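Visitor: Provided below for reference: sequence and predicted model.
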Amino acid sequence: MARYRYFLIYKPYQVLSQFTDPVGGKRTLGELYDFPRDVYPVGRLDEDSEGLLLLTNDPQQNQYWLGQNIEKEYYAQVEGIPPETALAQLRSGVDIRVRKKIHRTLPAEAQILPASPVLPARIPPIRYRKNVPDTWLTLTLREGKNRQVRRMTAKVGFPTLRLVRWRMGAHTAAGLAAGEILELAHF
């Protein structure tokens, strides 16, 4: 009988959510830990995003975590200060382009965070601009299209500067350092 393995990782900025780089020169998950050969990421975080990533060799758990019933919470540092109208648009769903087609996002929870979240330092850090304010949002989605949060915030006029997946279901990145890996008995 196969032994299933379950890992939580805080994927650092500029690390690919895969084990090999077809182009060469980019950092991959394989550089962070000697994962078993049959373990794969559950979904992806793009190279420019960071935060919680689940990995497993359990096909049933993989399918479950990719479903639309799992909440995924993101912290997005955006350029500017979004008014309530922009947050309302995010909450009701916006049209974004995914693979050359228009996709209407599912309703999302969207709020301004009262303070900057406590996160591992990003290397390199976001460029500070004295005359351009930024705001941290929390966005909770039940779907995961390619670069969805970035496309959503841009659509309402507030480009994402830094994006962190903070939570998947009940699992959070709380207490994890960038690149840190925890092996669990189950998800």
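Guide: Noted; the coordinates are in hand.

Visitor: lowest-pLDDT helix or strand in the chain?
Guide: helix 59-66 (a mean of 92; mean pLDDT, DSSP states H and E).

Visitor: Give me the contacts around it.
Guide: With contact meaning CB atoms under 8 Å, 6 or more residues apart in numbering, helix 59-66 is reached by 4, 6, 40, 42-43, 54, 56, 70, 144, 168-169, 186-187. Every residue, glycine included, has its C-beta placed from N, CA and C.

Visitor: Out of these, which is nearest to Asp95?
Guide: Using CB to CB, Gly144 comes nearest to Asp95 of the contacts of helix 59-66, at 17.0 Å.

Visitor: re earlier: now the least confident helix or strand of the chain: buried residues?
Guide: For helix 59-66, burial by neighbour count (16 or more other CB atoms under 10 Å) applies to Gln61, Asn62, Trp65.

Visitor: for stretch 2-21, same thing?
Guide: Neighbour-count burial for stretch 2-21 [16+ other CB under 10 Å]: 4-13, 15-17, 19.

Visitor: And the nearest residue to Glu183 once chain neighbours are set aside, how close does it get to Leu32?
Guide: For Glu183, ignoring the flanking residues on the chain, the nearest one in space by CB to CB, 6 or more residues apart in numbering is Phe7 at 5.4 Å. Per CB to CB, to the nearest Å, Phe7 is found 10 Å from Leu32.

Visitor: Now the common contact residues for the two.
Guide: Ile181.

Visitor: Below-threshold pLDDT in this protein: ranges please.
Guide: By pLDDT under 70, the weakly predicted segments of the chain are 1.

Visitor: Quick check: nearest residue in space to the residue sitting nearest the centre point of it, chain neighbours excluded?
Guide: Nearest to the geometric centre of the chain sits Arg165, at 3.3 Å (CA atoms, centre = their mean). Nearest non-adjacent residue to Arg165, counting by CB to CB, 6+ apart: Gly51, 3.7 Å away.

Visitor: Understood, closing this out.
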